[in-house]
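**Student:** fold the stuff below for me.
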Amino acid sequence: MTNMLEKNGFKEVKEIDSWNLEEYGKYYTTRNNTSLIAFNLGKFDSSKMGFKLIGAHTDSPNLRLNPISKIKSD
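**Tutor:** Here you go, the predicted model:
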């Protein structure tokens, strides 16, 4: 996955380093070879606008519905 990101212009940033992010930059970081976080930036001034992040994850390579639900009602 990291090779694909790099082929598409993403640069690796290390979690333990100080990041010097540029406007319109594309970046990714990894943790313990089990987590991958990729993001791209637009034009921003984080000191004035703050920083917003939306994330999601799965615990396996696919999503599954549990056939026996623990939920009994709405």
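
**Student:** count of neighbours near residue 35?
**Tutor:** Number of residues near residue 35 (other C-beta atoms under 10 Å) recorded here: 10. Using the backbone N, CA and C atoms, a C-beta is placed for each residue, glycine as well.

**Student:** pull the longest helix from the chain.
**Tutor:** helix 2-7 (DSSP state H).

**Student:** so where is this protein shaky, pLDDT-wise?
**Tutor:** Along the chain, the parts satisfying pLDDT under 70 run over 44-54, 56-66, 69, 74.

**Student:** re earlier: in the longest helix of the chain, which residues are buried?
**Tutor:** Neighbour-count burial for helix 2-7, counted by 16 or more other C-beta atoms under 10 Å, picks out residue 5.

**Student:** what does that helix contact?
**Tutor:** Contact with helix 2-7 is made by 12, 26, 28, 30, 36, 38, as judged by C-beta atoms under 8 Å, 6 or more residues apart in numbering.

**Student:** please repeat the previous calculation with a cut-off of 6 Å.
**Tutor:** 28, 38 (C-beta atoms under 6 Å, 6 or more residues apart in numbering).

**Student:** could you identify the helix or strand that succeeds it?
**Tutor:** Going down the chain from helix 2-7, the next helix or strand is strand 11-12, by DSSP states H and E.

**Student:** sheet partners, orientation included, of the helix or strand just after that following strand?
**Tutor:** Later in the chain than strand 11-12, the nearest helix or strand by DSSP H and E is strand 26-31. According to DSSP bridges, strand 26-31 has the following sheet partners: strand 11-12 (parallel), strand 35-40 (antiparallel).

**Student:** and the residue lying closest to residue 22 once chain neighbours are set aside, how far from residue 26?
**Tutor:** In space, residue 22 comes closest to residue 41 once its chain neighbours are excluded; the distance is 7.4 Å by C-beta to C-beta, 6 or more residues apart in numbering. Remark: distance between residue 41 and residue 26 (C-beta to C-beta, to the nearest Å) = 8 Å.

**Student:** and what of residue 8?
**Tutor:** Distance, residue 8 to residue 26, by C-beta to C-beta: 7 Å.

**Student:** thanks again, I'm all set now.
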